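Enquirer: sequence below, structure please.
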Amino acid sequence: MKHVQTIPIAPRNPSHFSDVLGAEVWDSFSGVLRGGAARLGGRTVWNVNTTAAGGGVAEMLRSLVAYARGAGADVRWAVISPPPGTDEFFAVTKRIHNMLHGYSGDGVGLGREARGVYRAALEPNALELRALVRPGDVVILHDPQTAGLVPAMRAAGLGVIWRCHVGADSPNGEAHEVWDFLRPFVEQADRYVFSRAAHVWEGLDPARTLIVAPSIDAFSAKNQDLSEHQVDAILKAAGAIAGTPGDAPTFIRGDGSIGHVDRAVQMLGVAAIDPSAPLVTQVSRWDMLKDPLGVMEGFVCHVLPAVPDAQLALVGPETAAVSDDPEGAQVLEDCQEAWRGYPAAVRERVALVCLPMTDLEENAVIVNAIQRHSTVIVQKSLGEGFGLTVSEAMWKSRPVVASRVGGIVDQIVDGDSGVLVQDPADLREFGEAVSTILRCPAVATRMGQCARERVADRFLATRSLMQYAEALATLGLETAAAA
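Expert: Numbers count the residues shown, from 1 in each chain. Presented below is the predicted three-dimensional model:
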């Protein structure tokens, strides 16, 4: 059985960004990309993670790999999977994910059994990866699921970068237990890359540590500009809003071809979103750390009394399609159970939306349309590595109400480009912030404009590409090639 899947990614010309960046910044950006591709000297850069669909890491890789290839670099993407008999691997890595955020998760901890499951699942993947790579190549291993591959990749003569997208603002015992679990693997990497300085582990060599904030692709299906007519047509074609599309529900795919929305969402709350209602939306995995139950309760108890015609949409993927998140189905069921417990008049104001995952670009453009249709977008996470859905919403000039946790605080300037809720567990504070914006269209417009400007300045894919190019330059490729 094959455990490693290579994901085919077509090159995408980074010159798309020339109009967004302006001439001076574009010249600098394109120069860095050309220099980075030249320094590779025929070597390949491999990105490795555990899923090609669902979650911000997969979305970022799909764009970053395409633009790097378009710049002339041989950059590839491989996805690992646990072999039969190691089904507990994703349960262990989900536990690790929760603990890195400071939460106990399933409460089992990371004892000898967890270590055995983790190592056994990665061993065959390491063997298959070693057959793909060549000495002198570079491998970027993403997140805790892949950390155990570091020693094998070093032994194969590769330059190794370990990229961690998650972390805790105030590390507690759970976070330190994960660090101790992963440290013997991670310390052997040539470079450690974190999304935020606050998430860098104690004891790692500062000279080998880099900070690279996540980024969005302004031209992907999820973030490309859509007209109001396109938004309406896409949402009606997907069944999120009732009615027949007046226009063709089309969008531009990454390869430049025209895509068409054909698949329907699953509406597990109300039958359809009310197109005339002010819409509050959270888009995320069905994950307890995203706190969809808290979003629903905060909306029902503290938004509806102030804005009775408002509607909430909790939007996430079809859970069966996200293979590395075994808790998703249970979180979604908990949301449905809570929804069923509200009075009928309240249930009419809450939509639970599961997105089709067969065509990832179709999925992405439905998210795009829902966000653009929304009045306010929220991200009420209890813990967050970065929270890239915030930048996605800001790019669409939407005001965002989000928790003051993790990388969200790097994205939103409180009161300027959005609102930060001081205590993620304070449902009243959350609800009042949402209600205030819903009642003040001028404030929403001003925040939305500031939000887009901030993303353009700090969180587009161009910045990440430049930082990775600089990281490769400092890695010492000549040394790696000679190893």
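Enquirer: domain ranges for this structure?
Expert: 5-215+460-482, 228-458 (automatic domain parsing).
Enquirer: so which of the ones you listed gets nearest residue 222?
Expert: Residue 222 lies closest, by C-beta to C-beta, to one member of the domains of the chain: domain 228-458, at 3.7 Å. Every residue, glycine included, has its C-beta placed from N, CA and C.
Enquirer: hmm, back to that, to residue 221, which of the domains of the chain lies closest?
Expert: Comparing the domains of the chain by C-beta to C-beta, domain 228-458 comes nearest, at 4.0 Å.
Enquirer: and that closest one, how far apart are its ends?
Expert: End-to-end distance of domain 228-458 (C-alpha to C-alpha, to the nearest Å): 27 Å.
Enquirer: what mean pLDDT would you report for it?
Expert: Per-residue pLDDT over domain 228-458 has a mean of 95.
Enquirer: do the same with stretch 207-221
Expert: 92.
Enquirer: just the buried residues of that stretch, please?
Expert: Residues of stretch 207-221 classed as buried: 208, 210, 212, 213, 214, 215, 216, 217, 218, 219, 220, 221 (neighbour count, 16 or more other C-beta atoms under 10 Å).
Enquirer: how about the residues you listed in a markdown table, adding distance to residue 391 and secondary structure?
Expert: What follows is these, written out as a markdown table (distance: C-beta to C-beta, whole Å; DSSP: H, G, I helix; E, B strand; the rest coil):
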| residue | distance to residue 391 | secondary structure |
| --- | --- | --- |
| 208 | 27 | helix |
| 210 | 20 | strand |
| 212 | 14 | coil |
| 213 | 9 | coil |
| 214 | 8 | coil |
| 215 | 8 | coil |
| 216 | 5 | strand |
| 217 | 11 | coil |
| 218 | 10 | coil |
| 219 | 15 | coil |
| 220 | 12 | coil |
| 221 | 16 | coil |
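Enquirer: grab the two from these that are most spread out in space.
Expert: So, the buried residues of stretch 207-221 by C-beta to C-beta: farthest apart are 208 and 221, at 36.0 Å.
Enquirer: distance of residue 120 relative to residue 3?
Expert: Residue 120 sits 12 Å away from residue 3, going by C-beta to C-beta, to the nearest Å.
Enquirer: what is the nearest of the buried residues of stretch 207-221 to residue 380?
Expert: Distances from residue 380 to these, taken by C-beta to C-beta, are shortest for residue 214, at 19.1 Å.
Enquirer: right, and the closest one touches residue 389 too?
Expert: No: using C-beta atoms under 8 Å, residue 214 is not in contact with residue 389, being 10.6 Å away.
Enquirer: more crowded one of residue 120 and residue 3?
Expert: Shown here are residue 120 and residue 3; by other C-beta atoms under 10 Å, residue 3 has more neighbours (20 against 15).
Enquirer: in what helix or strand does the more buried one lie?
Expert: Using DSSP states H and E, residue 3 falls within no helix or strand.
Enquirer: cool, residue 167 as well?
Expert: Applying DSSP H and E, one finds residue 167 in no helix or strand.
Enquirer: what sits against it?
Expert: Shown in contact with residue 167 (C-beta atoms under 8 Å, 6 or more residues apart in numbering): 100, 101, 175, 194, 195, 196, 198, 199, 200, 385, 406.
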